[in-house]
Structures are given as structure tokens and as C-alpha cells.
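pasting the sequence and the predicted coordinates here, then a few questions.
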Amino acid sequence: MGVFGAMTTALSGLRAQSYALENISGNIANSRTTGFKRMETSFIDLIPDTPANRELAGSVLARSSATNSVQGDIAGTNISTNVALNGDGFFIVAEKQGELNGVPNFTQSSLYTRRGDFDFDRNGFLVNGAGYFLKGLNIDPLTGAPRATDAEVIRITSDSLPPRSTTTIEYRATLPATPQTPAYVSANGAIGSELIGGSALYPTSPASLATISATDSPVFEGRAIQGGTVNSYDTLGRPVPVRLAWAKETSLSVAPPAADTWSLYVQTDPAATGAAAQWTRAGAAGSFAFDSSGNLTSSPTTTLPTVTVNGVTVTGIVLSGGTNGEGLKQVNSTQNVGQLEANAIRQDGYSAGVLQRTSITDDGAVVGTYSNGQVATLAQLLTAKFSAPNALKRNDGGVFAETAASGLPLVGSATAGGTQLVGGAIEQSNTDIAEEFSKMIVTQQAYSANTRVITTSQQMLTDILNIIR
């Protein structure tokens, strides 16, 4: 090849080092770009076909090498809708195609990115700093079920959360073996005075134990202990206070029956007067039975009677003392001074609420907090993983498109395969400034060396021409 071959080879070196310098320049320029993946430069030698013992070093060709699988540092932002991926995978995003009545529409194909600086736009879409819209599963906040089976653009509207009527009250409490009712205290501990029916010495009790009239209410409350009050809600979300009381029917210490038994009462109409019912028993007399160890032996659930307060009615509420009755216990009265100890009283109803705050949790759920205190899952993030992520096609804005070489995306849970989501954070560029400057120095030296080869080749050609002269 001679002198001209050396010059041509040096020119290929100049082109290769220029290409490397261009990648270095781009990496440094994007050292602060969220989710940016640096481009490395690899070199391939091109060897001409020559006989044995006449091989040449050949020229060089520069190619790019992606680092899509190399993670950048994760930095907190304190923005609740920002999210970073710690591990493999990409967020699924859509590109805006146009607008219809001020609402964007999107291309059908999905793109993939590690840029998680998402925030809401005016229409409730989650869009990142490069203008790409996050995709996932939109969730019905009432049922908790996805609205579709495939990934779609996530949209969180400011619609209020509809009210939900109370259907169940979870009730966990500890009852005293000897309730310290007012009647018991006034009787100085006479046997049986703590029972709702009284004793032979103290027979005063309400005329009816199934329903307690307003007239008999003072007598009833003198032979019962308070069970707590919980706000329930009707179908319109209006609150109705449900007041509970417990009255002991039989006691092992009086005339040993099969068990200690209790009746649960509900104040069904606090405004009742005269003979009208103010309290109503839930179920049959003594429907809650405890053995000598204080464990519930009867059914832990009962349906409460209809309650009307200030003209608002709730009905059909089921009170549950736990799956196996573990929520209701009876203990020696010295342990709770003869009064009921309420461990938990929770119900599943609520009034209408307005969305106040949205955040992304570490399991990829987009969670909304409402003014009524409810927290509901509004969407679920999905991630896509590829067999060859470095073979994805790079597009503007830190997004990638699938290729034949990358394989099809495996779409699934955001935390599948050990990947973690970090809410309120972003992944930074994986560019290392110090490393890029080191590569730039090496590239500059290689470029200068190639120019020296060209200069030397030119001088040799000049010497040859001078021979003729």
C-alpha cells in the first residue's frame, strides 16, 4: 500500500477519533440530563486481504456502544410523582400525536425510558420533562380493579370519590367477667347484681330485654356498660353515630350455666320517648358466649338493627369480632376495672371526598389521598424488560424503541425480577465527567498522532518528488 496507504489509514483514524470525540461531547453535554444513558465508542480494525507474511495493521472503523443497562445514581427530589427504577426495566411511555378539544391523543406504539421526572399536566396525565406520557393500568378507586387489561396512558382526574355506605363494623374489645355497672356498684357487689336481669335481691330490670323503651333506658344503662360509638354512613355518605352497649345475661359465678353470655345492644333511636324503643338487642339474648378461659364460643358476627339518628337511617350493618372471634375476649374484671376495653372499632363506609394529593409508592401504585381520609389506588405502573436492552433504538428525549435485535418487551409488575421503585426520586445521567475528560485526552492524543502520520506521509511524498528533480 505504501505511502498512500499510510495516508488513507491515518484518515480513517481521524474519522474514528472525531466520531469518538462527538460521543464524548454528547455525554458531557448530557451529564445533568435525567435518565440519560451515555454512548461509548468502540473501534474495529479493517484488515486488507494480503498474502501471508505481508499482512498490514489496516485501517479503523468507529462504532457506538450503548449503556442502556448501566444505571445512574438515584437522587431524591421530594416531588411525590417522580419515580426512579432501581434495577432492570424501563417505564412505558406514549408520544403525543396531537390534540382534540384541548386533550392530547397519542401514537399507538409504545416507547421506553428511564426518565422518571413525571408530573401532572392540566388534563391529569403524568408527563415527564421530555414530554412523554406515562403508561400503566388505570384503576377504579371503588372496586380496585383495572379498567383495562393492557397498558394505557395513565390519567388521574379530579373527580370526587363517591360515598360508600357502611356494611361492616370491625369490632375488637375485651369484656370484664364482672361488669362494674352502676347497679353493681350500688349493690356493693351482691351476687348477680351485674346482670341485666338483676338478682333475687335486686330484681329491677327493664320491662323488655329485646327492645328497651325510652322510659326504661335509665334502668337499662344502669345495668349495661358502654361499648363505644362509631360513625357509620348511609348511601348518601351522611354520618350516623352508632352507639353500642353490652349487658351480661348469665354468669358462671352465679348459677353455673354452660358459659358466660352477653347481649349486644344498639341505640337505634336516641330521640325516642315514652314507650318507643330507644335501644334494640342485636340477635338473640346472650348471643355472645365465652368459656371459662374467656374465649368466644359463639358466632363472632351479628347483624345490627336499623339505626335512625336525626332522620338519617342505616341498616344491614354486620358487626364482626374477627374471623374466629379472636377480636372479642373476656377477662377477669381486675384487669380492666370492670369496664369494656375497646381495642379497635372500624367501619368500611365514608362520605364523598375530593382528591387532595397524589403520590407513587415503592410498589408502583399511584395513590390518591382524599379529603374524607380515604386512600385509594388510582393506577398501577408497569415496566418493560428486554433480553438485549443495549440493542434498543435511541430517540430524542431519552426514549427508546424496540428493535428486532432487542427482542419483544416483557411487560409486567413494576417490581418484578427484583426491580425496586423509589418514589420522590429520579435516576440521574450515568455519565462520569472525570472518565469522559480522561477519554477526551486520549482521543485528542490519538487524533494528533494520526495527523502526524499524514504529515510524515506528505513529507515522504515530497522527498520522492525531489529525487526526480
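Received, thanks.

where do the strands of the stretch 251-400 of the chain begin and end?
260-267, 277-282, 288-290, 301-303, 307-309, 312-314, 318-320, 328-331, 341-347, 355-360, 365-370, 375-385, 393-395, 399-401 (DSSP state E, counting those that start in this stretch).

export those as JSON lines, with columns for mean neighbour count and mean pLDDT.
For the C-beta atoms, the positions are set from N, CA and C on the backbone; glycine is no exception. Formatted as JSON lines, the strands of the stretch 251-400 of the chain follow (neighbours: other C-beta atoms under 10 Å; pLDDT from 0 to 100):
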{"stretch": "strand 260-267", "mean neighbour count": "23", "mean pLDDT": "94"}
{"stretch": "strand 277-282", "mean neighbour count": "21", "mean pLDDT": "94"}
{"stretch": "strand 288-290", "mean neighbour count": "22", "mean pLDDT": "93"}
{"stretch": "strand 301-303", "mean neighbour count": "16", "mean pLDDT": "94"}
{"stretch": "strand 307-309", "mean neighbour count": "19", "mean pLDDT": "93"}
{"stretch": "strand 312-314", "mean neighbour count": "18", "mean pLDDT": "94"}
{"stretch": "strand 318-320", "mean neighbour count": "18", "mean pLDDT": "95"}
{"stretch": "strand 328-331", "mean neighbour count": "20", "mean pLDDT": "93"}
{"stretch": "strand 341-347", "mean neighbour count": "14", "mean pLDDT": "91"}
{"stretch": "strand 355-360", "mean neighbour count": "17", "mean pLDDT": "92"}
{"stretch": "strand 365-370", "mean neighbour count": "21", "mean pLDDT": "93"}
{"stretch": "strand 375-385", "mean neighbour count": "21", "mean pLDDT": "94"}
{"stretch": "strand 393-395", "mean neighbour count": "14", "mean pLDDT": "94"}
{"stretch": "strand 399-401", "mean neighbour count": "21", "mean pLDDT": "96"}
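
how about those in JSON lines, adding distance to residue 170?
Conversion of the strands of the stretch 251-400 of the chain to JSON lines gives the following (distance: least, C-beta to C-beta, whole Å):
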{"stretch": "strand 260-267", "distance to residue 170": "14"}
{"stretch": "strand 277-282", "distance to residue 170": "15"}
{"stretch": "strand 288-290", "distance to residue 170": "16"}
{"stretch": "strand 301-303", "distance to residue 170": "10"}
{"stretch": "strand 307-309", "distance to residue 170": "17"}
{"stretch": "strand 312-314", "distance to residue 170": "16"}
{"stretch": "strand 318-320", "distance to residue 170": "6"}
{"stretch": "strand 328-331", "distance to residue 170": "11"}
{"stretch": "strand 341-347", "distance to residue 170": "5"}
{"stretch": "strand 355-360", "distance to residue 170": "25"}
{"stretch": "strand 365-370", "distance to residue 170": "21"}
{"stretch": "strand 375-385", "distance to residue 170": "17"}
{"stretch": "strand 393-395", "distance to residue 170": "52"}
{"stretch": "strand 399-401", "distance to residue 170": "47"}
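
what's the closest of those strands to residue 95?
strand 399-401 (7.7 Å; C-beta to C-beta).

which elements pack onto the closest one?
Here strand 399-401 touches strand 90-100, strand 111-113, strand 393-395, going by 3 or more C-beta pairs under 8 Å, 6 or more residues apart in numbering; DSSP states H and E.

past that strand, which element shows up next along the chain?
Downstream of strand 399-401, the first helix or strand assigned by DSSP states H and E is strand 410-413.

would you mark the buried spots in that next one?
If you call a residue buried by 16 or more other C-beta atoms under 10 Å, then strand 410-413 has these buried ones: residue 411.

what strands flank it, and is each parallel or antiparallel?
strand 375-385 (antiparallel) (DSSP bridges).

of the strands of the stretch 251-400 of the chain, give the one that comes closest to residue 460.
Taking C-beta to C-beta, strand 393-395 is the member of the strands of the stretch 251-400 of the chain nearest to residue 460, at 42.7 Å.

how long is stretch 130-141 from one end to the other?
For stretch 130-141, the first and last residues are 29 Å from each other (C-alpha to C-alpha, to the nearest Å).

average pLDDT for it, rounded please.
For stretch 130-141, the mean per-residue pLDDT is 94.

off-centre distance for it?
14 Å (C-alpha atoms, centre = their mean, to the nearest Å).

for residue 467, phi and psi?
phi -60, psi -40 (degrees, to the nearest 10).

to clarify, my last question referred to residue 408.
The phi and psi values for residue 408, taken as degrees, to the nearest 10, are phi -80, psi 150.

what's the neighbour count on it?
For residue 408, the count of nearby residues is 10 (other C-beta atoms under 10 Å).

so who does it touch?
For residue 408, the contact set (C-beta atoms under 8 Å, 6 or more residues apart in numbering) comprises 386, 402.

one step back: for the helices and strands packed on strand 399-401, which one sits closest to residue 162?
When the helices and strands packed on strand 399-401 are compared by C-beta to C-beta, strand 90-100 sits nearest residue 162, at 27.8 Å.

quick check: buried residues in that closest one?
Applying 16+ other C-beta under 10 Å to strand 90-100 flags 90-95 as buried.

tabulate the residues you listed (JSON lines), appending pLDDT and distance to residue 425.
Converted to JSON lines, these look like this (pLDDT from 0 to 100; distance: C-beta to C-beta, whole Å):
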{"residue": "90", "pLDDT": "96", "distance to residue 425": "16"}
{"residue": "91", "pLDDT": "96", "distance to residue 425": "13"}
{"residue": "92", "pLDDT": "96", "distance to residue 425": "19"}
{"residue": "93", "pLDDT": "97", "distance to residue 425": "18"}
{"residue": "94", "pLDDT": "96", "distance to residue 425": "23"}
{"residue": "95", "pLDDT": "95", "distance to residue 425": "24"}
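
please consider this matter closed, and thank you.
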